[in-house]
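# No sequence on hand, only this structure:
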């Protein structure tokens, strides 16, 4: 039996075990998925290796801590965070499937990120993933954050990480800028894509972006998935925008990890059904 797990704190209410085990069952793979709450990310990776784990997902607060315990992929190194560990290599490989989760969520909605004008609200972990997905697509990305210095730090890091064509070819590099939340008034009306990468809307019926800024030519992803329909998505839909709920991002980062570990196409429908059933409980 293969063993996979989720490293983080807290993780007791995670939906990942149900989502992944539904995938294993649908694919006919003899595997289990468990949760782990170690004192540190690097120590957790070392312990999982000793216990013959086959793979790990990594969530807050350990995504940067585990970098010292793995060989990061080029994408994970650029982003500066690991959320998936593969123990089939020595040393273990550290990947970042959050970036693919953002891209595949938009792809599923029929939205291309190539060369778009985008706004990302938030400069934390989800903001890093969204900005990286857009930067890889040669987008023009404005990162807005309550603390401007944090947005500026992220943009400065990514200007170095993405200092050429995203695919290493001759195409244009991403254009990155940073600012405070007040700048959304100017940035959002001209944007093609908007990502809420903050927790605003999770605990209350609030939105990080005023309804008057939303428009029909916008595609909006809200990383919040409880509730599935946040105020931002509700008001974006009312404005005629394309909306993508946060469960799609959560699903597709898991799908990408499943495919990395098993080298099989993931049973996306089965994983999605298990995820959304868990969200309804």
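That came through, no problem. Quick caveat: nothing in here was measured; it's all calculated off a predicted structure.
# So residue 275: helix, strand or coil?
At residue 275 the chain is in helix, as set by DSSP: H, G, I helix; E, B strand; the rest coil.
# And the pLDDT at it?
pLDDT for residue 275: 98.
# Please apply the same query to residue 174.
In this model, residue 174 is scored at 79, pLDDT.
# Kindly report the same for residue 163.
At residue 163, the pLDDT recorded in the model is 70.
# Ok, residue 213 next?
Value for residue 213, per-residue pLDDT: 98.
# if I look at the residue nearest to it when sequence neighbours are not counted, how far off is residue 132?
In space, and not counting its chain neighbours, residue 213 is closest to residue 188: 4.1 Å by C-beta to C-beta, 6 or more residues apart in numbering. (Each C-beta comes from the backbone N, C-alpha and C, glycine too.) Look at residue 188 and residue 132: by C-beta to C-beta, to the nearest Å, they are 21 Å apart.
# hmm, who's touching stretch 185-199?
102, 106, 111, 113, 116-124, 126-127, 129-130, 134, 139, 142, 144, 179, 208-210, 213-215, 217-224, 230, 232, 236 (C-beta atoms under 8 Å, 6 or more residues apart in numbering).
# Let me fix that, I meant to ask about stretch 151-168.
Under the contact criterion C-beta under 8 Å, 6+ apart, stretch 151-168 has outside partners 77-80, 123, 127-128, 131-132, 135-138, 143-145, 171-174, 176-180.
# residues of it that come out buried?
If you call a residue buried by 16 or more other C-beta atoms under 10 Å, then stretch 151-168 has these buried ones: 151, 152, 154, 155, 157, 158, 159, 161, 162, 166.
# can you check stretch 185-196 too?
Quick answer for stretch 185-196 (16+ other C-beta under 10 Å): 187, 188, 191, 192, 193, 194, 195, 196.
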